[in-house]
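Peer 1: Sharing a model that was predicted from the sequence below.
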Number of protein chains: 2
Amino acid sequence: MPPTISTFVFDVYGTLFDVHSVKEKADELFDGKGTEISEIWRRKQLEYSFLRQLMGNYETFFEVTKDSLKYALKQLAIPFSNKEVESLMVQYTSLRAYDEVQNVLSTLKENGRVLAVFSNGSRNMLEPLVEQAGMKEYFHHIISVDDTKQYKPTPASYTGVLKVIGVKREEVLFMSSNGWDISGAKNFGFHTAWINRNHLPQEELGLAPDYTFDSLDGILDLL
Amino acid sequence: MPPTISTFVFDVYGTLFDVHSVKEKADELFDGKGTEISEIWRRKQLEYSFLRQLMGNYETFFEVTKDSLKYALKQLAIPFSNKEVESLMVQYTSLRAYDEVQNVLSTLKENGRVLAVFSNGSRNMLEPLVEQAGMKEYFHHIISVDDTKQYKPTPASYTGVLKVIGVKREEVLFMSSNGWDISGAKNFGFHTAWINRNHLPQEELGLAPDYTFDSLDGILDLL
């Protein structure tokens, strides 16, 4: 690992927490359709964050997530109430962390590293999520794009990390399971570790990650 | 139809031409996997145009389309040669127009309307495509985002249309089958007709189209 790296910054959804764990609640509410719903939901959630950024039409990730859920239900022709939507949104603040997360964070912390999360999520989504998982003590900073109203992967969004933590970009190792987020972080100038949980091909964007691991355990080998 | 509308601007892929018609060639080359390939291909093609715009990392749609094809083949674990990729890219300039297109264009032209195409496609994709379909005579302008290096749905991309044609935004009726493109055009200030060929729900972006039709035939009723 380059000796300049002092700061470990983690993406949240899909990286620390399993987004598709909401599908169990969706299965319960909508008659076993949880897998289909959560797949479209996640795809549209990202698409809407990209589109709003491109149109210059920012809205919080909380609203974007709700809108994309509604789209998913409509596309699958599933009737729904606002109450059902709200009860799925609540699930978003009680996602399950992946198995190795706790150990990886505590090891890094013991090694004196600065830890932060950096997410598209609004603060009202991130704070309760990290809190309920008992992980608040590990993080020096919880950084939301909502502070700058710039969604990833714009360079301006990653600049927010530098401003909050007070580091230079070459001091940061950024972890994400999302290939496009790794491309954006690499494009910005962070060191990057792609947590390729789903064994997907590398994005064809000409921005290869510095490291690729199956899980967050891989970064402990860099210490 | 508002009396201000003088100019009819058409999106290309999925609106005038059937993008998934490449799947037959893909079926032939890759053992019946054409449908899967073309679905991922199209999804990644859009995603890569969005991501490159967000990262400030523009590359032509020709390259983006090639990159997204490679990703699709890799995701499906299908071995491929550069020659096979090139032969699929050639298909992109010989897409089939939808059945009603010829009649709609000729009727609008006979009615003295200004017609244009406006696409993410590079000029080396658009010109041969319109030419081979025998539709060049109908269009006063073939406008590519490549002229401004601004992908849809940024407001700057749609501004390119005004500059080339020399009209005001309220004089334009913009047609696209892509909900996100209609949202972007509406956000910019065009009148919009969503050609909802696939009977999808309206995008949850707070930017409803002015008109929605199953095919381009619908716009003839506006005359």
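Peer 2: All right, it came through fine.
Peer 1: going forward, measure contacts between C-alpha atoms and count neighbours the same way
Peer 2: Will do.
Peer 1: Could you look up the SS state of A:T35?
Peer 2: What DSSP: H, G, I helix; E, B strand; the rest coil gives for A:T35 is helix.
Peer 1: Neighbours of it, how many?
Peer 2: Using other Cα atoms under 10 Å in any protein chain shown, A:T35 has 16 neighbouring residues.
Peer 1: My guess is it contacts A:K25. True?
Peer 2: No - contact criterion Cα atoms under 8 Å: A:T35 and A:K25 do not qualify, at 10.3 Å.
Peer 1: Quick check: residues of chain A near chain B?
Peer 2: Along chain A, the residues adjacent to chain B under the rule Cα under 8 Å from any Cα of the partner chain are A:47-48, A:50-56, A:67-68, A:70-71, A:74-75, A:152-155, A:180, A:184, A:187, A:200-205.
Peer 1: Okay, and which of these map to helices?
Peer 2: A:47-48, A:50-55, A:67-68, A:70-71, A:74-75, A:155, A:180, A:184, A:187 (DSSP state H).
Peer 1: what sits against the residue of chain A positioned farthest from its centre?
Peer 2: Within chain A, A:P79 marks the point farthest from the mean C-alpha position, 28.8 Å out by Cα atoms, centre = their mean. Applying Cα atoms under 8 Å, 6 or more residues apart in numbering or on different chains to A:P79 gives the contacts A:L73.
Peer 1: and if you look at A:T7?
Peer 2: A:R113, A:V114, A:L115, A:A116, A:E171, A:V172, A:L173.
Peer 1: got JSON lines for those residues, with distance to A:T60 too?
Peer 2: Formatted as JSON lines, the contacts of A:T7 follow (distance: Cα to Cα, whole Å):
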{"residue": "A:R113", "distance to A:T60": "30"}
{"residue": "A:V114", "distance to A:T60": "27"}
{"residue": "A:L115", "distance to A:T60": "24"}
{"residue": "A:A116", "distance to A:T60": "20"}
{"residue": "A:E171", "distance to A:T60": "29"}
{"residue": "A:V172", "distance to A:T60": "26"}
{"residue": "A:L173", "distance to A:T60": "26"}
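Peer 1: got these as TSV, with secondary structure, neighbour count and pLDDT columns?
Peer 2: Shown next, in TSV, are the contacts of A:T7 (DSSP: H, G, I helix; E, B strand; the rest coil; neighbours: other Cα atoms under 10 Å in any protein chain shown; pLDDT from 0 to 100):
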residue	secondary structure	neighbour count	pLDDT
A:R113	coil	17	96
A:V114	strand	18	97
A:L115	strand	21	98
A:A116	strand	21	98
A:E171	helix	18	97
A:V172	strand	23	98
A:L173	strand	26	98
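Peer 1: Taking the residues you listed together, which two end up most distant?
Peer 2: The two members of these with the most space between them (Cα to Cα) are A:A116 and A:E171, at 12.9 Å.
Peer 1: re the thing from before, how close does the residue farthest from the centre of chain A sit to A:F30?
Peer 2: Counting by Cα to Cα, to the nearest Å, the separation of A:P79 from A:F30 is 9 Å.
Peer 1: Same question for A:S94.
Peer 2: Counting by Cα to Cα, the gap from A:S94 to A:F30 is 19 Å.
Peer 1: and what of A:K70?
Peer 2: In terms of Cα to Cα, A:K70 sits 13 Å off from A:F30.
Peer 1: neighbour-wise, which of these two wins?
Peer 2: Per other Cα under 10 Å, whichever of A:K70 and A:F30 has more neighbours is A:K70, with 23 against 17.
Peer 1: domain parsing for chain A?
Peer 2: A:7-16+A:98-222, A:19-91 (automatic domain parsing).
Peer 1: Can you tell me which of those domains is nearest to B:I5?
Peer 2: Evaluated over the domains of chain A, closeness to B:I5 peaks at domain A:19-91, with 23.2 Å, by Cα to Cα.
Peer 1: tell me the contacts of the residue nearest to A:K23 when sequence neighbours are not counted?
Peer 2: Leaving aside its sequence neighbours, A:K23 sits nearest to A:G34 (Cα to Cα, 6 or more residues apart in numbering or on different chains; 4.4 Å). A:G34 makes contacts with A:V22, A:K23, A:E24, A:K25, A:A26, A:D27, A:E28, as judged by Cα under 8 Å, 6+ apart.
Peer 1: Among those, which one sits closest to chain B?
Peer 2: Closest to chain B out of these is A:A26 (19.6 Å), distances taken as Cα to the nearest Cα.
Peer 1: what's the nearest residue to that closest one if we skip its chain neighbours?
Peer 2: A:G34 (4.5 Å).
Peer 1: measure the one you found to chain B for me?
Peer 2: 19 Å (Cα to the nearest Cα, to the nearest Å).
Peer 1: can you give me the helices in chain A?
Peer 2: According to DSSP H, the helices that chain A contains are A:23-29, A:34-55, A:61-75, A:82-91, A:101-110, A:123-132, A:155-165, A:179-188.
Peer 1: would CSV of the ones you listed with mean pLDDT be doable?
Peer 2: Shown next, in CSV, are the helices of chain A (pLDDT from 0 to 100):
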stretch, mean pLDDT
helix A:23-29, 93
helix A:34-55, 96
helix A:61-75, 97
helix A:82-91, 94
helix A:101-110, 97
helix A:123-132, 96
helix A:155-165, 97
helix A:179-188, 98
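Peer 1: Would you mind finding the most buried of those?
Peer 2: Of the helices of chain A, the one with the most neighbours on average (mean count of other Cα atoms under 10 Å in any protein chain shown) is helix A:179-188, at a mean of 24.
Peer 1: That one packs against which elements?
Peer 2: The contact analysis (3 or more Cα pairs under 8 Å, 6 or more residues apart in numbering or on different chains; DSSP states H and E) places helix A:179-188 against helix A:155-165, strand A:172-176, strand A:191-195, helix B:34-55.
Peer 1: Tell me which residues are up against it.
Peer 2: A:152-155, A:158, A:169, A:174-176, A:191-194, A:196, A:202-203, A:205, A:207-209, B:51, B:55.
Peer 1: Go ahead and measure how far that helix is from the middle of the chain.
Peer 2: 13 Å (Cα atoms, centre = their mean, to the nearest Å).
Peer 1: OK, contacts around A:V64?
Peer 2: By Cα under 8 Å, 6+ apart, the neighbours of A:V64 are A:Q45, A:Y48, A:S49.
Peer 1: how does it look with 10 Å?
Peer 2: A:K44, A:Q45, A:L46, A:E47, A:Y48, A:S49, A:R52, A:Y58, A:K70, A:G121, B:E204, B:L205 (Cα atoms under 10 Å, 6 or more residues apart in numbering or on different chains).
Peer 1: Alright, I will stop here.
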